[in-house]
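>>> Okay, sequence plus prediction incoming.
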Number of protein chains: 2
Amino acid sequence: MSIGSELLRGNTDTIILASLVGHDSYGYLINKEIMAKTDSQVELKDATLYTAFRRLEKDGLVNTYWGDEEVGARRKYYAITEKGREVYEQYKEEWLAAKELIDKLLV
Amino acid sequence: MSIGSELLRGNTDTIILASLVGHDSYGYLINKEIMAKTDSQVELKDATLYTAFRRLEKDGLVNTYWGDEEVGARRKYYAITEKGREVYEQYKEEWLAAKELIDKLLV
DNA sequence: TTAGATACCTTGACAGGCGAGGTATATAGT
DNA sequence: ACTATATACCTCGCCTGTCAAGGTATCTAA
């Protein structure tokens, strides 16, 4: 991604959850949407994305199901759970708070 | 620290440099000042702080010298270098950019 | 038939944060 | 005299998240 990944770190899960709030989605599309929204300035790497999915699934924040595509590559869909929505709101609050704190420390 | 450290990660060096822009300082004081400015909501752990100092020194962003305290524990002072100031401005720009990008991705 | 887009996945290396441990000096209270 | 607390520094090794590199498979267009 074009912005330093250390700065994105810790927000990956939040970003993924955000992209699932409105509708179910799948890995490849989530990434495309993120790139589209940010002019390709943010791009979650494959490996990062799938590691995050495992984590979110393990924590019960998303559920998965296979799409029923009859042509093309199969898609694994992710749906945010109720718990996922709650945690998303919480992560978002934490981000907003962290943002202000860091700003307060910069000259 | 009270805010998730994953969210702070990547900003440690920037925060330390920021605290050196106005005046030389030393580890313990830098930490106290950060805590004071944030109501103890941000606290750089000892180990984190000193690892960061090694990194900044290696990269030529700070210089060090021992204080001449005649009483009390000795203090190792850090002074930001010219390069350090440049890099700080750059880190800050990156932070501001990252902040906007992340905000753009949250619902 | 070849290239590129779509779509998924795992392994192992790497970097930063930090718990736990250590050293040493000064002061205030008991 | 002893103890606790604050000041002030440091290292080692674990943990976690990122991601380069590698892999599989399908479809479309040149």
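Right, received. Where do you want to start?
>>> is the longest helix along chain A anywhere near chain B?
Assignment by DSSP state H gives helix A:82-105 as the longest helix of chain A. Yes - contact of helix A:82-105 with chain B (Cβ under 8 Å from any Cβ of the partner chain) involves A:92, A:94-95, A:97-99, A:101-102, A:104-105. In this view, the C-beta of every residue, glycine as well, is placed from N, C-alpha and C.
>>> What strand or helix carries the residue nearest to the spatial centre of chain A?
The centroid of chain A falls nearest to residue A:16 when counting by Cα atoms, centre = their mean (1.2 Å). According to DSSP states H and E, residue A:16 maps onto helix A:12-21.
>>> which residues touch that helix?
A:8, A:25, A:30, A:33-34, A:42, A:44, A:48-49, A:52-53, A:55-56, A:61-62, A:78-80, A:84-85, A:87-88, A:91-92, A:95, B:102, B:105-107 (Cβ atoms under 8 Å, 6 or more residues apart in numbering or on different chains).
>>> which residues touch residue A:101?
Residue A:101 neighbours (Cβ under 8 Å, 6+ apart): B:3, B:38, B:41-42.
>>> and the closest residue to residue A:57 other than its chain neighbours, what helix or strand is that in?
Nearest non-adjacent residue to residue A:57, counting by Cβ to Cβ, 6 or more residues apart in numbering or on different chains: residue A:64, 6.3 Å away. Using DSSP H and E, the element containing residue A:64 is strand A:62-66.
>>> now the nearest residue to residue A:50 once chain neighbours are set aside: how far from residue A:44?
Take residue A:50 and drop its neighbours on the chain: the residue closest to it by Cβ to Cβ, 6+ apart is residue A:27, 6.7 Å away. Residue A:27 sits at a distance of 9 Å from residue A:44 (criterion: Cβ to Cβ, to the nearest Å).
>>> who has more neighbours, the two?
residue A:44 (21 against 18; other Cβ atoms under 10 Å in any protein chain shown).
>>> Now that one: phi and psi?
Torsion angles at residue A:44 (phi, psi; degrees, to the nearest 10) stand at phi -80, psi 130.
>>> Might one say that it is in contact with residue A:34?
Yes - look at residue A:44 against residue A:34 with Cβ atoms under 8 Å: they come within range, at 6.2 Å.
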